[in-house]
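Trainee: With the input below, show me the fold.
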Amino acid sequence: MATYYMPVKVFEETDVVRKKAGEIAKLGSKALIVTGKHSAKANGSLDDVIAALDEYNISYIHFNKIEENPLVETVMEAVDFAKNENVDFVVAIGGGSPLDAAKAIALMLKHPEEDSSYLFRAGGDDSHLPLCLIPTTCGTGSEVTGVSVLTRNDIKTKQSISFKIFGDIALLDGKYLESLSPKVLKNTAMDAFCHLVESYVNNNATIYSRIVCLDGLSSFKNVLPVVRGEKKPKLSDYFNLLRTSTYAGMAIAQTGTAIPHGLSYAFTYNLGIEHGRACGYFLAGYLKMACKKWTCLSQELSDYFKTNLNNQFSTVGEAEVNLILNTAGIASVEEFEKLYALVCEKVEVEEAKLNKELDNTVNDLFNNKAKLSVAPFQLSKEELTEIAYDISI
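Mentor: Residues are numbered from 1 along each chain as shown. I've put the predicted structure just below:
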């Protein structure tokens, strides 16, 4: 059975925050604005939000301490900051970090009597304050997912909270990407590409999620010259980058991410490697394994996509990986490896330290049977190690 659920109302246009001020005003009478330290001010999005709130005489308070890969402790600091201020909705501005943090904050403000352990408690009440999500990078697609990934110092990794927290509205404006550094733009675009690929090569994929993936990959193809640094982006390119990220978020909202993301979290926590760059590090190995091990589709997907195994392709995986990459304007896995080397900085870590981290990451992921089951083919520990070490071999 194919299903699709994405309850966020998405608006995309230039000056969308000012034009949709009335939609924001419907969410409540006092807002908590959640941002990082600087970027929301620098790109103009914070000023636009304040102007929109002022237009409807909505008061607000502003928490601007969200760091990259937000800490549970920072989320709880924001909750303490706001819980006696009678805020009744949350506006989040930024990349995945402020948006993910805001979801957790909105949850905890609805449950002020709980401590931080509630975030990871299965089966709890998921009621939360209304949310307006405004992305200013082009990677996570958090504006349309229910996922909130936080950094847990207690277990030394990143982890999703136990609740699906969707926003009420998402406001997309490509102009907010104009101030991104080339490095941030490329790393976040790589994250979006990984989301699209991992959602497609996924045991939870459906007809609907795959259609979204293919549209997102086509959108990525349109901005590939920008990602490669061959073209100076125009406003239309920034909208395409943002749209690619939102497509990717819509896809993983249905399927979750797969093996590359599972391998990436400790890389980011322990080695300080940016999230998109860390995910891309493992993607080629995952695709190569898919070509070897992915031998059949579900009947539903097989009937719909009619994968054609001819003399060119010996497995379903080869045919599907070819379709994914060609849709994105990439000729082969080898061409993706060249793209990754061009777009993302080389991981410069002392070999023994890198190998230790890879071994620990493989061990942890191999014991995570739920994450392993997302791959549409079985993986032995040796094969998982092959994926992890692929780019280093």
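Trainee: where along this structure do the strands fall?
Mentor: Taking DSSP state E to define them, one finds strands in the chain at 9-12, 30-34, 59-63, 89-94, 131-135, 149-152, 157-160, 169-172.
Trainee: quick one, the third one and strand 89-94 angle?
Mentor: For strand 59-63 and strand 89-94, the angle between their directions (axes from the mean of the first three to the mean of the last three C-alpha atoms, to 10 degrees) works out to 40 degrees.
Trainee: Strand 59-63: how far from the chain's middle?
Mentor: Relative to its chain's centre, strand 59-63 lies at 26 Å (C-alpha atoms, centre = their mean, to the nearest Å).
Trainee: could you check the angle strand 30-34 makes with it?
Mentor: 20 degrees.
Trainee: list the helices and strands strand 59-63 packs on?
Mentor: strand 30-34, helix 45-55, helix 72-82 (3 or more C-beta pairs under 8 Å, 6 or more residues apart in numbering; DSSP states H and E). Using the backbone N, CA and C atoms, a C-beta is placed for each residue, glycine as well.
Trainee: hang on, the earlier thing: weakest of the strands of the chain by average pLDDT?
Mentor: In terms of average pLDDT, strand 157-160 trails the rest of the strands of the chain, at a mean of 92.
Trainee: Pairing partners for that strand, with directions?
Mentor: strand 149-152 (antiparallel) (DSSP bridges).
Trainee: List the buried residues of the strand it pairs with.
Mentor: 149-152 (16 or more other C-beta atoms under 10 Å).
Trainee: isn't N222 right up against L241?
Mentor: No - N222 is beyond contact range of L241, at 9.1 Å (criterion: C-beta atoms under 8 Å).
Trainee: Pick out whichever of the two has more residues nearby.
Mentor: The residue with more neighbours, out of N222 and L241, is L241; 27 against 16, by other C-beta atoms under 10 Å.
Trainee: Distance to D80 for the strands of the chain - can I get that in CSV?
Mentor: Below are the strands of the chain laid out as CSV (distance: least, C-beta to C-beta, whole Å):
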stretch, distance to D80
strand 9-12, 30
strand 30-34, 12
strand 59-63, 10
strand 89-94, 15
strand 131-135, 19
strand 149-152, 16
strand 157-160, 21
strand 169-172, 26
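Trainee: between these, which gets nearest to V184?
Mentor: The minimum distance between V184 and the strands of the chain falls on strand 89-94, with 11.4 Å, by C-beta to C-beta.
Trainee: partner strands of the closest one, parallel or antiparallel?
Mentor: With DSSP bridges as the test, strand 89-94 is paired with strand 30-34 (parallel), strand 131-135 (parallel).
Trainee: quick check: angle from the first one to helix 45-55?
Mentor: Right, the one you point to is strand 30-34. 180 degrees.
Trainee: and if you look at the last one?
Mentor: Between the axis of strand 131-135 and that of helix 45-55 there is an angle of 150 degrees, by the same axes, to 10 degrees.
Trainee: Now strand 131-135: buried residues?
Mentor: Buried residues in strand 131-135, counting neighbours by 16+ other C-beta under 10 Å, are found at 131-135.
Trainee: and if you look at stretch 348-362?
Mentor: 349, 354, 357-358, 361-362.
Trainee: which of those residues lies closest to A21?
Mentor: For the buried residues of stretch 348-362, the nearest to A21 is T361 (45.2 Å; C-beta to C-beta).
Trainee: Leaving out the residues flanking it, which one is nearest to that closest one?
Mentor: Closest residue to T361 apart from its sequence neighbours, by C-beta to C-beta, 6 or more residues apart in numbering: A266 at 4.8 Å.
Trainee: got the contact list for the one you found?
Mentor: By C-beta atoms under 8 Å, 6 or more residues apart in numbering, the residues touching A266 are 156-157, 357, 360-361, 364.
Trainee: switch to 7 Å and redo it
Mentor: 157, 357, 360-361, 364 (C-beta atoms under 7 Å, 6 or more residues apart in numbering).
Trainee: circling back: which one of the strands of the chain lies closest to V227?
Mentor: Comparison of the strands of the chain against V227 by C-beta to C-beta identifies strand 131-135 as nearest, at 17.3 Å.
Trainee: what's that closest one in contact with?
Mentor: 17, 24, 27, 45, 90-93, 95, 99, 102-103, 106, 142-143, 167-172, 242, 245.
Trainee: Show me how far that strand is from its chain's centre.
Mentor: Here strand 131-135 is found 14 Å from its chain centre; the criterion is C-alpha atoms, centre = their mean.
Trainee: Now do N84 against P112, distance only.
Mentor: Remark: distance between N84 and P112 (C-beta to C-beta, to the nearest Å) = 9 Å.
Trainee: Same question for S219.
Mentor: Using C-beta to C-beta, one obtains 41 Å as the distance from S219 to P112.
Trainee: Might one say that T151 is in contact with E67?
Mentor: No - using C-beta atoms under 7 Å, T151 is not in contact with E67; the gap is 8.6 Å.
Trainee: Rebuild the strands paired with strand 89-94 as a markdown table, extending it with distance to L283.
Mentor: Below are the strands paired with strand 89-94 laid out as a markdown table (distance: least, C-beta to C-beta, whole Å):
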| stretch | distance to L283 |
| --- | --- |
| strand 30-34 | 30 |
| strand 131-135 | 22 |
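Trainee: closest one to A192 among the ones you listed?
Mentor: Here strand 131-135 is closest among those (C-beta to C-beta), at 10.8 Å.
Trainee: Apart from its chain neighbours, what residue comes closest to D48?
Mentor: If the residues on either side of it in the chain are set aside, D48 comes closest to V17, at 4.1 Å by C-beta to C-beta, 6+ apart.
Trainee: same deal with A101?
Mentor: Here the residue nearest A101, using C-beta to C-beta, 6+ apart, is P70, at 4.1 Å.
Trainee: how much space is there between M289 and T385?
Mentor: 11 Å.
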